[in-house]
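Colleague: no FASTA, just this:
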Ligand code: OSB
Ligand code: MG
């Protein structure tokens with residue numbers, strides 16, 4: 001892969017409804033799109049999933065833009081890659097900034113898969129032709145949550161994830177369990193608890209949740225191991241797993257039974273695949289997390305989630321789940337709770353230029 005030029009653009013679209021967690025509310029999604037062209041005119045697409053503010057992890061749209069424009073892209077333009085796997089090694093001396101890295105690394109995978117004439121899923125070793133979807137209920141209001149679950153159920157989602165916090169767990173989950181006694185339910189706390197809340201967390205065991213995602217702090221790998229010994233609900237780690245080493249530590253310590261793998265959070269597709277392989281080796285369940293993302297990132301999630309170790313439904317939804325019209329073509333659609341994995345060469349989706357121009361707020365070519 002020999003890259004000739006790169007375009008970095010910022011797109012922005014308002015959400016159909018606010019996405020609310022104990023950390024704040026997302027009303028508008030802003031993200032950085034990456035287009036890489038090689039010397040033969042082939043293009044690869046990437047999406048950078050950092051948010052406008054650092055509520056989920058440290059990165060933001062502005063920090064990722066700076067790292068990509070001033071460090072990653074100049075190096076990518078200079079180097080020739082035999083395989084996208086070489087990216088992680090090449091950039092090991094650029095510390096942190098996993099979402100900035102992932103936005104560029106994924107574009108190399110799309111380009112590579114197109115050159116090979118194979119689907120990205122196939123290149124990665126995917127074994128599924130469809131993946132199971134899952135919906136996220138991100139509101140602090142019970143009536144609104146029930147309304148959303150009713151709609152999600154009608155749309156075909158079979159698994160619901162509720163955003164919880166110490167101020168909003170028991171009564172909230174109870175109200176939903178009462179109406180939906182059989183629906184597979186899981187909860188995500190985004191680090192809202194500490195070990196002092198052990199009794200409150202143990203009290204959630206009775207709801208037979210599929211898992212509790214990231215109850216404790218982002219760096220609390222040891223504390224999660226202590227907590228897991230005292231509750232029955234399986235712990236799933238999200239924010240705590242930022243690379244392969246974190247996954248190894250969590251597995252060795254028994255900090256979780258399940259890992260949520262997000263390509264952007266771990267710094268790219270090659271590392272996401274390595275964490276998947278590690279989960280398989282140690283018999284941990286894995287699933288693919290979501291970032292309220294645009295279609296390009298969703299398409300990478302489909303390819304990743306087609307790997308055999310992704311045994312649970314992911315935070316995967318159609319490309320019109322969060323807004324009326326996305327920037328990709330064709331659209332990603334969900335049918336009966338499932339989304340099909342593309343079989344055409346590469347990522348399987350490209351940018352819809354008309355829609356892209358409507359929502360693009362900044363564009364820059366780097367040569
Ligand atoms: O913690 O999994 C999370 C969205 C943005 C940031 C963090 C998280 C989420 C979600 C997934 O819960 C929502 C989705 O993309 O469907
Ligand atoms: Mg999460």
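Modeller: Noted; the coordinates are in hand. Remember, predicted model here, so these are calculated numbers, not experimental data. Numbers count the residues shown, from 1 in each chain. Ligands and ions are numbered 1, 2, ... in the order given.
Colleague: tell me the contacts of the residue in the stretch 201-350 of the chain that ligand 2 sits nearest to?
Modeller: Nearest residue of the stretch 201-350 of the chain to ligand 2: residue 238, at 3.6 Å (C-beta to the ion). For the C-beta atoms, the positions are set from N, CA and C on the backbone; glycine is no exception. Shown in contact with residue 238 (C-beta atoms under 8 Å, 6 or more residues apart in numbering): 188, 190, 213-214, 260, 262, 265, 289.
Colleague: for this protein, what spans make up the helices?
Modeller: 61-67, 73-78, 86-90, 98-116, 120-124, 142-155, 170-179, 198-202, 221-228, 244-253, 263-266, 269-281, 295-305, 353-359 (DSSP state H).
Colleague: Any chance of CSV for those, columns mean neighbour count and mean pLDDT?
Modeller: Shown next, in CSV, are the helices of the chain (neighbours: other C-beta atoms under 10 Å; pLDDT from 0 to 100):
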stretch, mean neighbour count, mean pLDDT
helix 61-67, 19, 98
helix 73-78, 16, 98
helix 86-90, 17, 95
helix 98-116, 26, 98
helix 120-124, 22, 98
helix 142-155, 15, 97
helix 170-179, 15, 96
helix 198-202, 14, 98
helix 221-228, 19, 98
helix 244-253, 17, 98
helix 263-266, 28, 98
helix 269-281, 20, 98
helix 295-305, 27, 98
helix 353-359, 15, 98
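Colleague: Which of those helices sits closest to residue 37?
Modeller: helix 98-116 (8.6 Å; C-beta to C-beta).
Colleague: Got the phi and psi for the residue nearest the centre of the chain?
Modeller: The centroid of the chain falls nearest to residue 290 when counting by C-alpha atoms, centre = their mean (3.4 Å). Backbone torsions of residue 290, given as degrees, to the nearest 10, read phi -120, psi 160.
Colleague: Return the residues of the stretch 201-350 of the chain in contact with ligand 1.
Modeller: Neighbours of ligand 1 within the stretch 201-350 of the chain, by C-beta under 6 Å from any ligand atom: 238, 289-292, 315, 317.
Colleague: mind redoing it with 8 Å?
Modeller: 213-214, 238-239, 260, 262, 289-293, 315-317, 321-322 (C-beta under 8 Å from any ligand atom).
Colleague: any idea how far the residue of the stretch 1-150 of the chain found nearest ligand 2 lies from residue 290?
Modeller: Taking C-beta to the ion, ligand 2 has its nearest neighbour within the stretch 1-150 of the chain at residue 56, 8.1 Å off. Here residue 56 is placed at a distance of 11 Å from residue 290 (C-beta to C-beta, to the nearest Å).
Colleague: Distance of residue 363 relative to residue 104?
Modeller: From residue 363 over to residue 104 (counting by C-beta to C-beta), the distance is 16 Å.
Colleague: residues near residue 141, how many?
Modeller: By other C-beta atoms under 10 Å, 12 other residues sit near residue 141.
Colleague: Please verify my assumption that residue 166 contacts residue 199.
Modeller: No. Applying C-beta atoms under 8 Å as the test, residue 166 and residue 199 come out as separate, 11.1 Å apart.
Colleague: how about the nearest residue to residue 190, chain neighbours excluded?
Modeller: Counting by C-beta to C-beta, 6 or more residues apart in numbering, residue 21 is the residue found nearest to residue 190 once chain neighbours are left out, at 5.4 Å.
Colleague: What about the one you found, how many residues nearby?
Modeller: Residue 21 has 20 neighbouring residues, counting by other C-beta under 10 Å.
Colleague: Now do the contacts for it.
Modeller: 138, 163, 165, 190.
Colleague: and the second one, what are its bridge partners?
Modeller: According to DSSP bridges, the partner residues bridging residue 163 are residue 188.
Colleague: if we can go back for a sec, for the residue nearest to the centre of the chain, list the residues it contacts.
Modeller: Per C-beta under 8 Å, 6+ apart, neighbours of residue 290: 136, 262, 298, 301, 314-317.
Colleague: Among these, which one is most surrounded by other residues?
Modeller: Compared across the contacts of residue 290, residue 262 has the highest neighbour count, 29 neighbours, by other C-beta under 10 Å.
Colleague: hmm, back to that, my read: the residue of the stretch 1-150 of the chain closest to ligand 2 touches residue 242, true?
Modeller: No. Judged on C-beta under 8 Å, residue 56 makes no contact with residue 242 at a distance of 11.9 Å.
Colleague: Comparing the two, which residue is more hemmed in?
Modeller: residue 56 (24 against 18).
Colleague: What confidence value was assigned to that one?
Modeller: According to the prediction, residue 56 has pLDDT 98.
Colleague: List phi and psi for it.
Modeller: Dihedral angles (degrees, to the nearest 10) for residue 56: phi -90, psi -50.
Colleague: tell me the contacts of it?
Modeller: 23, 190, 239, 291.
Colleague: Would you pull up the residue in the protein closest to ligand 1?
Modeller: Going by C-beta to the nearest ligand atom, ligand 1 is nearest to residue 290 of the chain, at 2.4 Å.
Colleague: That residue and residue 245, how far apart?
Modeller: 24 Å.
Colleague: residues from the stretch 151-300 of the chain in reach of ligand 2?
Modeller: By C-beta under 5 Å from the ion, the part of the stretch 151-300 of the chain that sits against ligand 2 consists of 188, 213, 238.
Colleague: Would you mind putting those into TSV with pLDDT alongside?
Modeller: TSV is the format used below for these (pLDDT from 0 to 100):
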residue	pLDDT
188	98
213	98
238	98
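Colleague: ok, those residues vs residue 178, which is closest?
Modeller: residue 188 (20.6 Å).
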